[in-house]
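Participant: need the 3D shape of this:
(chains A and B)
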There are 2 protein chains.
Amino acid sequence: MEQKKDVSIVRHSAAHLLAHAISELYPNTKLTIGPATADGFFYDFLPEKNFKEADLPAIAERMREIAERGLPLGHKQISKDEARKLYKDNPFKLEIIDNLEGDTVGLATQGDFYDLCKGGHVDNTNKLKNFKLLGISGSYWRADRKGQPLQRITGTAFATPKELRIYEKRREEALKYDHRKLGRELDLFSFNEAGPGFPFFHPNGKIIFNLLIQYLRNLLDHAGYKEISTPAMLNVELWKQSGHYDHYRDNMYFSEIDETTYAVKPMNCPGAILIYKSHPHSYRELPLRLSEFGHVHRHELSGVLHGLFRVRSFTQDDAHVFCTPDQIETEIIGMVTMALEVFKKFDFKDIRVILSTKPDKAMGDDALWEKATAALRDALNHAKIPYEVHEGEGAFYGPKIDFLIKDSMDRSWQCSTVQLDFFQAENFDLWYVTNEGTKARPVIIHRALYGSLERFFGILIEHYKGKFPFWLAPTQIKVLSITDEQMPYAQELAKKLKDAGFRVVVDESSDPISGKIKNAQLQQTPWMLVVGAKEVEGNTITLRYRDGKQEHGLTYDDLLRKAQEANR
Amino acid sequence: MEQKKDVSIVRHSAAHLLAHAISELYPNTKLTIGPATADGFFYDFLPEKNFKEADLPAIAERMREIAERGLPLGHKQISKDEARKLYKDNPFKLEIIDNLEGDTVGLATQGDFYDLCKGGHVDNTNKLKNFKLLGISGSYWRADRKGQPLQRITGTAFATPKELRIYEKRREEALKYDHRKLGRELDLFSFNEAGPGFPFFHPNGKIIFNLLIQYLRNLLDHAGYKEISTPAMLNVELWKQSGHYDHYRDNMYFSEIDETTYAVKPMNCPGAILIYKSHPHSYRELPLRLSEFGHVHRHELSGVLHGLFRVRSFTQDDAHVFCTPDQIETEIIGMVTMALEVFKKFDFKDIRVILSTKPDKAMGDDALWEKATAALRDALNHAKIPYEVHEGEGAFYGPKIDFLIKDSMDRSWQCSTVQLDFFQAENFDLWYVTNEGTKARPVIIHRALYGSLERFFGILIEHYKGKFPFWLAPTQIKVLSITDEQMPYAQELAKKLKDAGFRVVVDESSDPISGKIKNAQLQQTPWMLVVGAKEVEGNTITLRYRDGKQEHGLTYDDLLRKAQEANR
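Facilitator: Next up is the predicted model:
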């Protein structure tokens, strides 16, 4: 954690360095805010004339120059009046000053450059040489899309040149395996200006998408979940009751039907709740585990749309478990176990688990919070999984568990989440009849494992670098005949494998075998079956893997057994 | 056909009889139109005071009375001026008169009642005794929901009392097996006022829904279709280009995104076309068969919503085949074959096929129309299926084939449709590179087999009267122990069957075996496995079918074989 704090100090200081360089190069630019982020830093500017990507090298050069100057960094408190004078021409900083509590504000200084700042810096600009500017994007003042449009310059920085080098190497790799690039190359999906942020799945992508659903559907079935589906649009009054309208309406789409406003669903909870309410329940039915592959729409600013990682419509592998307080622990154990099984299936390692507990402002009585939080802890202990506790960071309506996974390029992703909810059962007057014949409120557990299927798919593309495992590859096996003479043998082999349930294609081109192999490798096909005169004569098969390794003289039965094993 | 014409004359005359009765009972009611329909007739009225269901018996009584009067029916042509005088207080009839071509209009008479009419009646009201009034609903003048709201009285009529009796018996049966009633009883789906016309699928219904998709997905895969998915919302400009906005916008929902209007998709074609356009195509890729289980939204008046039969959102089993004109015949043969296979799978009989040919106003050159229509005929001949030709009833953009199927209650349904399209490839500038290196337009074939999955599901519920075949039943097998002593044996049996892929439930209640059987029968579970002391001792199973038949002394292997067979 100490190191993490250090790097965030470096990054925050690098944001000042960027603003310093901009002030020198473009003195009429208005500065706004420039925080450190999880991966780096950014600074939002209102430039006199819009910055272009081509301006970045000169800006970076000036930053390096200022770093070389070896300016000591200072920090002091000044009165708000003094600050207002400094920023008399900058309405953004004036607004920040007005919104700060107390009579003084912090001011960071380096040379003749100054910036409003709470503090926390390196001591000299010469410690800021290990940075990299990453790009320019659009943003809004206060992230309010009705507010002033700004320009954001993003970068990252590290304490040592070695860390920067590691970062740059990973970034290069990440660009090489960018899911948008691989998505095009492997013909998995596309986007179109007719619907920014709304993905189109091509046949290869749809195969994987369906397999992701099928895999989870099978797990859910064995774990006693029951699948439902709920409408894509529901009356806005329902969303007012659920609280989504008040807290989330800027991210929701609306449509008029018969002079009434309907919302396109951004979440599946109200739909699941209406199904629960469609008839009375007895304690015997609990826990009732309702799962839904729910297609939701959420507005995102066009500037933050990013392939499948950030879209405007996606499919949640959602579930709502209605249970008694006594059942929480067992349910959570089941969910944690399933999450770990899913991560293992997709070869994710270094799972980080975070338990967020009761915040200051919370609903539901203390006894329930304590019981529930203890149940979450016990469940995590039972799963023998280490976890961090973020005290007070739960939602106002219940504690939660988040899972962070690391991909093959060592990047962290948050996908799975398990969230207790003491609010909606009360809000929607849900109840069940206890074994004593009285009415009681169920607890609702919201949970998702993939999170967004679209985003998870994007992560998998990069995690696997396009080389999907055998069970998940759109085409699992390509049959390649050395000459046309072996074509009937190839076709027969393909037919048998297809009938056995595999996704098989025969390369019917007139390319030489080297061309056929190259083509299958470009498409990242896991298995190539090479059949020449020798194979036909001996009634055998040569199996060539994606990495070039080969196995000769396999019988069909050998191959089938191998394929069935690989398909698990 | 002759008989059909007769019954439509009876029904049209019965509509006049209804209007006659209304004129006598409620003289201030304004008459509008009253045609015969496929199943009966209706008449739309603007009443002085709204009719109620409770008024129907008195109205029917007066109709019977007028029928008994034995009034001869007459028909004559009168001048428009004369007609305008007759209808000076009825703006609807005046509008009809204005819109008719020529200087005269037809007038039907019976006693002192008259009505505008083209003609085609029985000769005496005493031939109209075999009618039944069915209900009252809301409608609009000219079916325009911005127009004058009216009240529609619906009925049916037949030439003979026997036909009416058969009809009434079927109607009674249909009400008994109404899918909305069975949907509740079998807990398959529900509707909620928060989304009229938007179905909620409960776990049992979702199992069937998923099986319907899975069954078709398998057929499609074997037939070389490739599945895609396209966004639920797309820019309105796309819908303007496709023509949907001009012709269909009253049935479309819209939403604003970033100050641009998006339409919630009512059809999947533009999405499929954008995927086709996402990269260039060679003749080698054709036919390209893109299928989509596309979730579409279409506005329907709230008055016509009817369970799953008429909804506002549904899933089409859509496909768009892009092919050369030479490939049309083979493609159509494949589609017709698949449609017949699907009908057979679901035990539908009496398939009627209708070929609709080039209308007067059509686009595309004559040679293409002739070639395509000949291909459709050849394909139907090849499938050895009789068909009717509706000359001139194709769409302006291509000929089509419709399939009508009869259910177990002898009712006709139109589900499957195959539609050629010469327009959209031109409109969206689609092309492929021919084997000569030139560019050519593909033909698009739109086709759906189920049509709407929701509606098809509704039809199946009624067709099977809730008794789904083994492969489609939400719970396929219920294991019933005679006493608690056999519970471990029952659990073990259920586990083995579940692991073998069947949907199995153990009745864990403390009901006596008779109660357990009754309960399983109410839920229409196809198979009950009854296990008592005798079965445990002999390690056997008693299989009880839904209809009460039993097989004793089965081994597990016998049962598994039977179940695997039934599951096909």
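Participant: who's in contact with the residue in the stretch 401-550 of chain A that chain B sits nearest to?
Facilitator: Closest approach between the stretch 401-550 of chain A and chain B, counting by CB to the nearest CB: A:Lys498, at 8.5 Å. Any C-beta I mention is one placed from the backbone N, CA and C, and that applies to glycine too. For A:Lys498, the contacting residues are A:Val504, by CB atoms under 8 Å, 6 or more residues apart in numbering or on different chains.
Participant: again with the one 10 residues further on
Facilitator: A:Glu508 is in contact with A:Met487, counting by CB under 8 Å, 6+ apart.
Participant: ok so it is a strand residue?
Facilitator: No - under DSSP: H, G, I helix; E, B strand; the rest coil, A:Glu508 sits outside any strand and is assigned coil.
Participant: quick one, helices of the stretch 251-400 of chain A?
Facilitator: A:269-277, A:328-345, A:366-382 (DSSP state H, counting those that start in this stretch).
Participant: any residue of the first one touching chain B?
Facilitator: Okay, so that is helix A:269-277. Yes - Helix A:269-277 reaches chain B (CB under 8 Å from any CB of the partner chain) through A:270-271, A:274-275.
Participant: who wins for neighbours among those residues?
Facilitator: A:Gly271 (27 neighbours; other CB atoms under 10 Å in any protein chain shown).
Participant: now do the contacts for it.
Facilitator: Applying CB under 8 Å, 6+ apart, the residues contacting A:Gly271 are A:228, A:230-231, A:234, A:265, A:292, A:294, B:200.
Participant: how does it look with 10 Å?
Facilitator: Contacts for A:Gly271 (CB atoms under 10 Å, 6 or more residues apart in numbering or on different chains) come out as A:228-232, A:234, A:238, A:265, A:290, A:292, A:294, A:318, A:320, B:192, B:194-195, B:198, B:200.
Participant: closest to A:Ser282 out of the residues of helix A:269-277 next to chain B?
Facilitator: A:Ile275 (16.2 Å; CB to CB).
Participant: residues of the stretch 451-568 of chain A that sit close to chain B?
Facilitator: Counting by CB under 10 Å from any CB of the partner chain, the positions of the stretch 451-568 of chain A adjacent to chain B are A:474, A:498-499, A:503, A:508-509.
Participant: could I get these as CSV with pLDDT and distance to A:Phe346?
Facilitator: Converted to CSV, those look like this (pLDDT from 0 to 100; distance: CB to CB, whole Å):
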residue, pLDDT, distance to A:Phe346
A:Pro474, 97, 16
A:Lys498, 95, 26
A:Asp499, 94, 28
A:Arg503, 97, 19
A:Glu508, 93, 33
A:Ser509, 92, 33
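Participant: from those, which two are the most distant?
Facilitator: Across those (CB to CB), the longest gap, 23.7 Å, separates A:Asp499 and A:Ser509.
Participant: which helix or strand in chain A has the lowest average pLDDT?
Facilitator: Within chain A, confidence by mean pLDDT, DSSP states H and E is lowest for helix A:2-25 among all helices and strands, at a mean of 86.
Participant: so how far is the helix or strand just after that helix off the chain centroid?
Facilitator: On the C-terminal side of helix A:2-25, the closest following helix or strand by DSSP states H and E is strand A:30-31. On the basis of CA atoms, centre = their mean, to the nearest Å, strand A:30-31 sits 31 Å off its chain's mean C-alpha point.
Participant: just the strands in the stretch 201-350 of chain A please.
Facilitator: For the stretch 201-350 of chain A, the strands defined by DSSP state E, counting those that start in this stretch occupy A:226-227, A:233-235, A:253-257, A:260-264, A:288-297, A:313-323, A:349-356.
Participant: now the least confident helix or strand of chain A, how far from the centre of its chain.
Facilitator: Remark: helix A:2-25 is offset 26 Å from the chain centroid, using CA atoms, centre = their mean.
Participant: likewise for stretch A:93-105?
Facilitator: 35 Å.
Participant: closest to B:Lys206 out of the strands of the stretch 201-350 of chain A?
Facilitator: strand A:226-227 (4.7 Å).
Participant: neighbouring strands - and their directions - for the closest one?
Facilitator: Sheet pairing of strand A:226-227 (DSSP bridges) gives strand A:288-297 (parallel).
Participant: enumerate the residues of the stretch 301-450 of chain A near chain B.
Facilitator: A:301-302, A:311-313, A:315.
Participant: let's have the residues you listed in CSV, adding distance to A:Cys415 and neighbour count.
Facilitator: Converted to CSV, those look like this (distance: CB to CB, whole Å; neighbours: other CB atoms under 10 Å in any protein chain shown):
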residue, distance to A:Cys415, neighbour count
A:Leu301, 22, 17
A:Ser302, 24, 13
A:Val311, 15, 22
A:Arg312, 19, 23
A:Ser313, 18, 21
A:Thr315, 13, 22
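Participant: would you turn these into a markdown table with pLDDT?
Facilitator: Listed next are these as a markdown table, based on pLDDT from 0 to 100:
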| residue | pLDDT |
| --- | --- |
| A:Leu301 | 87 |
| A:Ser302 | 83 |
| A:Val311 | 96 |
| A:Arg312 | 96 |
| A:Ser313 | 97 |
| A:Thr315 | 98 |
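Participant: in CSV: these, plus distance to B:Asp326.
Facilitator: Formatted as CSV, those follow (distance: CB to CB, whole Å):
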residue, distance to B:Asp326
A:Leu301, 49
A:Ser302, 44
A:Val311, 40
A:Arg312, 41
A:Ser313, 39
A:Thr315, 39
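Participant: for A:Asp407, what are phi and psi?
Facilitator: phi -90, psi -180 (degrees, to the nearest 10).
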